[in-house]
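Participant: can't give you the sequence, but here's the structure:
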């Protein structure tokens, strides 16, 4: 799967093939502050304030990210960067990139959480095409600096007070307890750790084997899950709008 962060220095790449409550399913998050799981009503404790960027600075950051990612996607240095069609809104998913890929002849699908696209058996040319499509439909957050501790705090607060209890109500079981907020924020920069950070928003190590099977990528069950429980906090809080 090619995820929304693919043009940043942290590149997300891969091909997606990309009851009794145990200790990991009891109290695996703080009590939800939104009992009905109303996404529009959720608010974080932490306030994010990001520096404002001019259009010129934002465009320069976009082009720099595209140039940096050429090697990752196997893009020839001589291949021109296509013209920008439009920036995706901060709260927008990757559907325009998927549509661009499909129009170019690559049968891809939007990931269930909307943050990436995935395909099977399309070869290396698909990676080049996704770079071209990302250049044409570039997410707005590529003009923002690296993720800040405050943004990570908002994510943690969202995970523990909304996302985890919301997906548990949909049948997801967890096998990992959330660390403290401070420990989790620090773990995202710990490159020497042998353990992956706690990531409850993706179908991975934090989920039970049964849940990973039931809600596998490409399934209707996972799409319905993310529709009920979005994977990320509201953009206005994460980006400090």
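Facilitator: Nice, I can see it. Nothing here was measured: the structure is a model prediction, and the numbers come from that model.
Participant: From residue 141, how far off is residue 222?
Facilitator: 23 Å (Cβ to Cβ, to the nearest Å). Using the backbone N, CA and C atoms, a C-beta is placed for each residue, glycine as well.
Participant: What of residue 106?
Facilitator: 24 Å.
Participant: A strand includes residue 107, no?
Facilitator: No. Assigned with DSSP: H, G, I helix; E, B strand; the rest coil, residue 107 falls outside any strand and is coil.
Participant: for it, what are its contacts?
Facilitator: 119, 122 (Cβ atoms under 8 Å, 6 or more residues apart in numbering).
Participant: again, 6 Å this time
Facilitator: By Cβ atoms under 6 Å, 6 or more residues apart in numbering, residue 107 lies in contact with nothing.
Participant: how about the helices in the chain?
Facilitator: 55-68, 70-73, 95-103, 125-136, 149-158, 164-169, 181-187, 209-214, 220-228, 235-238 (DSSP state H).
Participant: Between the ones you listed, which one is closest to residue 87.
Facilitator: Among the helices of the chain, helix 55-68 comes nearest to residue 87, with 8.1 Å by Cβ to Cβ.
Participant: that older thread, now mean neighbour count and distance to residue 41 too, for the helices of the chain, in a markdown table please.
Facilitator: Putting the helices of the chain into a markdown table (neighbours: other Cβ atoms under 10 Å; distance: least, Cβ to Cβ, whole Å) gives the following:
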| stretch | mean neighbour count | distance to residue 41 |
| --- | --- | --- |
| helix 55-68 | 14 | 31 |
| helix 70-73 | 15 | 39 |
| helix 95-103 | 19 | 25 |
| helix 125-136 | 21 | 33 |
| helix 149-158 | 21 | 13 |
| helix 164-169 | 20 | 12 |
| helix 181-187 | 16 | 21 |
| helix 209-214 | 15 | 26 |
| helix 220-228 | 15 | 14 |
| helix 235-238 | 17 | 12 |
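Participant: Residue 113: which of those helices is closest?
Facilitator: Taking those one by one with Cβ to Cβ, helix 220-228 is closest: 4.7 Å.
Participant: Need the contact partners of that closest one.
Facilitator: Residues contacting helix 220-228 (Cβ under 6 Å, 6+ apart): 112, 113, 170, 215.
Participant: Now with 7 Å, please.
Facilitator: Helix 220-228 is touched from outside by 112, 113, 166, 167, 170, 203, 214, 215, 216, with contacts defined as Cβ atoms under 7 Å, 6 or more residues apart in numbering.
Participant: Give the residue spans of the protein that score low on pLDDT.
Facilitator: 1-35, 143, 241 (pLDDT under 70).
Participant: follow-up on the earlier one: mind putting the helices of the chain in JSON lines, distance to residue 87 included?
Facilitator: Shown next, in JSON lines, are the helices of the chain (distance: least, Cβ to Cβ, whole Å):
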{"stretch": "helix 55-68", "distance to residue 87": "8"}
{"stretch": "helix 70-73", "distance to residue 87": "20"}
{"stretch": "helix 95-103", "distance to residue 87": "10"}
{"stretch": "helix 125-136", "distance to residue 87": "10"}
{"stretch": "helix 149-158", "distance to residue 87": "19"}
{"stretch": "helix 164-169", "distance to residue 87": "29"}
{"stretch": "helix 181-187", "distance to residue 87": "28"}
{"stretch": "helix 209-214", "distance to residue 87": "34"}
{"stretch": "helix 220-228", "distance to residue 87": "23"}
{"stretch": "helix 235-238", "distance to residue 87": "13"}
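Participant: Many thanks, I have nothing further to ask.
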